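Trainee: With the input below, show me the fold.
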Amino acid sequence: MEGLNNSYNITKDPKFLAFCSLATEGAGISSNQQCSIGFTEFKEALENGKVVDNKNLKSSSELNHQFDYWKSRITGGRAVTETDNQVLDIIKQAYNLGMVTKDNMLLRNQAINAYKTSI
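Mentor: Got it, this is the predicted structure:
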């Protein structure tokens, strides 16, 4: 278990870094989305691997555009590191599972709860 490993540092965990990037997207702007899912729900949805919300699925060209957007945000123009690639892969997986809205924000807790009760 990650929590029991003394060398585990959540701030270096690619899943946590991807979650933080997605969860803070749009912070401070007017939105009807109150708050994103939590890190635990994010990890569970990734591990489950099932589409969470079909209406959030993107076409290949939209995914490529979003991937370029996130690559730019994460690297800030510097060379891409191994950790960057891991974070980007997780962000791409979140998009592929319909966990990210059209505004590039993570789903709200209500959407995840509705999904959980449907399975």
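Trainee: got the residue ranges for the helices in the chain?
Mentor: For the chain, helices defined by DSSP state H occupy the ranges 14-23, 39-48, 60-75, 82-96, 109-118.
Trainee: Export those helices as TSV, with columns for mean neighbour count, mean pLDDT and distance to residue 102.
Mentor: Just so you know, the C-beta spots here come from the backbone N, C-alpha and C atoms, and that holds for glycine as well. Below are the helices of the chain laid out as TSV (neighbours: other CB atoms under 10 Å; pLDDT from 0 to 100; distance: least, CB to CB, whole Å):
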stretch	mean neighbour count	mean pLDDT	distance to residue 102
helix 14-23	20	91	13
helix 39-48	16	91	18
helix 60-75	13	91	9
helix 82-96	18	95	11
helix 109-118	14	55	13
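Trainee: can you tell me which of those helices comes nearest to residue 7?
Mentor: Taking CB to CB, helix 14-23 is the member of the helices of the chain nearest to residue 7, at 15.2 Å.
Trainee: still on that earlier bit, dump the helices of the chain to CSV, plus distance to residue 7.
Mentor: Compiled in CSV, the helices of the chain are given as follows (distance: least, CB to CB, whole Å):
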stretch, distance to residue 7
helix 14-23, 15
helix 39-48, 19
helix 60-75, 24
helix 82-96, 16
helix 109-118, 30
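Trainee: Distance-wise, check the closest residue to residue 75 other than its chain neighbours relative to residue 72.
Mentor: Spatial nearest neighbour of residue 75, chain neighbours left out: residue 84 (5.7 Å); criterion: CB to CB, 6 or more residues apart in numbering. Distance of residue 84 to residue 72, given as CB to CB, to the nearest Å: 11 Å.
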